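Asker: Kindly return the folded structure for what I paste below:
(one chain, ligands or ions: 1)
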Amino acid sequence: MKRLRLFPVLLLLVAVAGACAPAAPREVTITIHYSRYSMNRIDVPAGVPITFTIRNDDPIDHEWMIGDLAMHERHRLGTEAVHASRPDEVTIPALSTRTTTLTFPVPMTLEYMCHLPGHEQYGMVGILLAK
Ligand SMILES: [Cu+2]
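Answerer: Numbers count the residues shown, from 1 in each chain. Purely as a prediction, here's the structure:
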């Protein structure tokens, strides 16, 4: 009888341990082919680290730049050729893969796109919804 009474307590401990553990990063994989992203809309939870793997299958470089309208407006006019040091601005050289991890602290809608000349107009754009 005593063993049976312990069982609910153990279950509760397991549940508490699970709630306290840091959330594992969620994984999103985006491929680029013929100057198109494989996804034009990405839904992710807010407040959780999201690891994006971006694979460029094209023989030319591309970018994955994510931000609000003001950020994109700056990059439309910008002259920076390669983005390597910011998690939200990623250059993916031809035939290569890059990963970046971002956390969206609150629900928000952002756009991602490639700012290399002509690529946005060609359709290298998408939206991310953090909920
Ligand atoms: Cu591009």
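Asker: quick one: which helix or strand includes the most centrally placed residue in the chain?
Answerer: Geometric centre of the chain, nearest residue: residue 52, 4.1 Å, by C-alpha atoms, centre = their mean. Per DSSP states H and E: residue 52 is located in strand 49-56.
Asker: Could you look up the next helix or strand downstream of that strand?
Answerer: Following strand 49-56 in sequence, per DSSP H and E, is strand 62-67.
Asker: partners of that following strand, with directions?
Answerer: Here strand 62-67 has these sheet partners by DSSP bridges: strand 89-92 (antiparallel), strand 108-113 (antiparallel).
Asker: between it and strand 49-56, how many degrees?
Answerer: With axes from the mean of the first three to the mean of the last three C-alpha atoms, to 10 degrees as the basis, strand 62-67 and strand 49-56 are set at 150 degrees to each other.
Asker: Which of the residues in strand 62-67 are classified as buried?
Answerer: 62, 63, 64, 65, 66, 67 (16 or more other C-beta atoms under 10 Å). (C-beta placed from N, C-alpha, C; glycine too.)
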